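Please work out how this folds:
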Amino acid sequence: MAKQQPRPADGRDGYALGPDPSPDGMTEAGAVVADPVREVYDRTAPIYDRMTGADDYDLWVGLYRELIDRHGAPGRELVDLGCGTGKAALRLASSGFRVTGMDLSPEMIRMACAKPGAENVRFAVGDLRDLPEAGPFDVAVALGEPLNYLADQDELLTSFRSVAGVLRPGGLFVFDVNSAGFYRRLAEETSVEEEPGAVIVHRGSASPRQAEAADLRIDYFATADGLTWQRTSALHSFSYFAPDDVARLLNTAGLAQLAAYGLHRGALVPGGDEERDRKRLVVARKNAAALTR
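Down below sits the predicted model:
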């Protein structure tokens, strides 16, 4: 694949982006930026890869590639939505896709652009609920947690419509959402991971917003000298979206659900089980007659 320069996160090269906030949280127009998801990821971007070092991205990307191959896409232009620091985007680019990575957080995009291999991916700031003009793409993926951060079904429908707007007719949308059983387990879970110079504590709790969901607080303790420790704390508030609601909202947005799979012990299970499985992976296709933005 021909090498491409990383796209800057400032609206150049054809991407229509809003104004970046100043350090005091104000845009140039004077409006307060109040997106808690962006704030969390902007603040934790420098340590994100260390915080998620135990995550198996080779497995994740392999599952997504399997679903794309199984259901077929019209081409190899792919957008990775909620790409973070580029862990999946870089792997997808190395496997033959022409990849654009978008994330809500400018700081996560800056970290992605600094990685080896970033010249093979176009990176840009993009909000799932209102994606910048780009594409059209043959495949869109939302791998990991992006959709689970959406506040409610209205935001989920808005995001589905936004994704449909950047897909070409017949394009695939592959994404995952957390299961009901996972949230029940998470709400009661506390775990500790240790690595040289760092300790990571995960604390789950019941969601105050939605009975079926859960929140996750991550405390990251790091030391350079073994004596002085610095703590970075982040609260992740998740939503639950039931299978029938997801299928209905996809259809409303002009995306036909093709299949759903449970994720159980690292393997895809057709249909899945909401109580047993960790996640639900969904494959949808943009209807040929669907309206674009």
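
Report the secondary structure state of residue 188.
coil (DSSP: H, G, I helix; E, B strand; the rest coil).

Now do the same for it: its pLDDT.
Model confidence at residue 188, expressed as pLDDT, equals 96.

Now do the phi/psi pair for it.
With angles defined as degrees, to the nearest 10, residue 188 shows backbone torsions of phi -110, psi 10.

ok, the residue lying closest to it once chain neighbours are set aside to residue 216 distance?
Take residue 188 and drop its neighbours on the chain: the residue closest to it by C-beta to C-beta, 6 or more residues apart in numbering is residue 204, 6.6 Å away. From N, CA and C alone the C-beta is placed, and that goes for glycine too. Using C-beta to C-beta, to the nearest Å, residue 204 is found at 5 Å from residue 216.

next one: residue 194
In this structure, residue 194 and residue 216 are 19 Å apart, going by C-beta to C-beta.

Of those two, give the one with the bigger neighbour count.
Counted by other C-beta atoms under 10 Å, residue 194 and residue 216 do not tie: residue 216 has more neighbours, with 19 against 9.

wait, is that one part of a strand?
Yes: when the secondary structure is assigned by three-state DSSP, residue 216 falls within a strand.

Find me the pLDDT at it, would you?
pLDDT, residue 216: 96.

ok, now the one 10 residues further on?
Among the per-residue scores, residue 226 holds a pLDDT of 85.

which one is it nearest to, not counting chain neighbours?
residue 197 (7.8 Å).

count of neighbours near residue 138?
Residue 138 is flanked by 22 other residues according to other C-beta under 10 Å.

List phi and psi for it.
Dihedral pair for residue 138: phi -80, psi -30, per degrees, to the nearest 10.

Please work out how many residues are found near the residue nearest to it when sequence neighbours are not counted.
Counting by C-beta to C-beta, 6+ apart, residue 138 lies nearest to residue 75, which is 3.8 Å off, once chain neighbours are set aside. The number of residues packed around residue 75, counting by other C-beta under 10 Å, is 14.

do residue 169 as well
For residue 169, the neighbour count with other C-beta under 10 Å is 15.

Would you mind extracting the C-alpha trace of the host helix or strand of it into CSV?
Assigned by DSSP states H and E, residue 169 belongs to strand 167-178. What follows is the C-alpha trace of strand 167-178 in CSV, where atoms were taken according to Å, rounded to 0.1, in the frame of the first residue of the first chain:
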residue,chain,number,x,y,z
LEU,A,167,-20.2,4.7,4.2
ARG,A,168,-20.7,4.1,0.5
PRO,A,169,-23.8,2.0,-0.4
GLY,A,170,-23.1,-1.6,0.4
GLY,A,171,-20.5,-0.7,3.0
LEU,A,172,-20.0,-2.7,6.2
PHE,A,173,-20.3,-1.4,9.7
VAL,A,174,-18.8,-3.7,12.3
PHE,A,175,-18.9,-2.8,16.0
ASP,A,176,-19.2,-4.2,19.5
VAL,A,177,-21.2,-3.3,22.6
ASN,A,178,-21.0,-4.6,26.1
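
Surely the residue nearest to residue 226 touches residue 220?
No: applying C-beta atoms under 8 Å as the test, residue 197 and residue 220 come out as separate, 11.1 Å apart.

More neighbours: these two, which one.
A count of neighbours by other C-beta under 10 Å puts residue 220 above the other of residue 197 and residue 220, at 19 against 13.

Find the nearest non-adjacent residue to the more buried one, please.
residue 232 (4.5 Å).

Okay, and the residue nearest to residue 138 sits in which element?
Under the assignment given by DSSP H and E, residue 75 is not contained in any helix or strand.

Do a quick rundown of the helices in the stretch 151-293 of the chain.
All helices of the stretch 151-293 of the chain, identified by DSSP state H, counting those that start in this stretch, fall at 153-166, 180-186, 243-252.

any chance of these in TSV, with mean neighbour count and distance to residue 146 too?
As requested, the helices of the stretch 151-293 of the chain are arranged in TSV below (neighbours: other C-beta atoms under 10 Å; distance: least, C-beta to C-beta, whole Å):
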stretch	mean neighbour count	distance to residue 146
helix 153-166	20	9
helix 180-186	19	16
helix 243-252	16	14
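
so can I have TSV of those helices showing distance to residue 126?
Converted to TSV, these look like this (distance: least, C-beta to C-beta, whole Å):
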stretch	distance to residue 126
helix 153-166	9
helix 180-186	27
helix 243-252	20
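
Minimum distance to residue 50: which of those has it?
helix 180-186 (21.5 Å; C-beta to C-beta).
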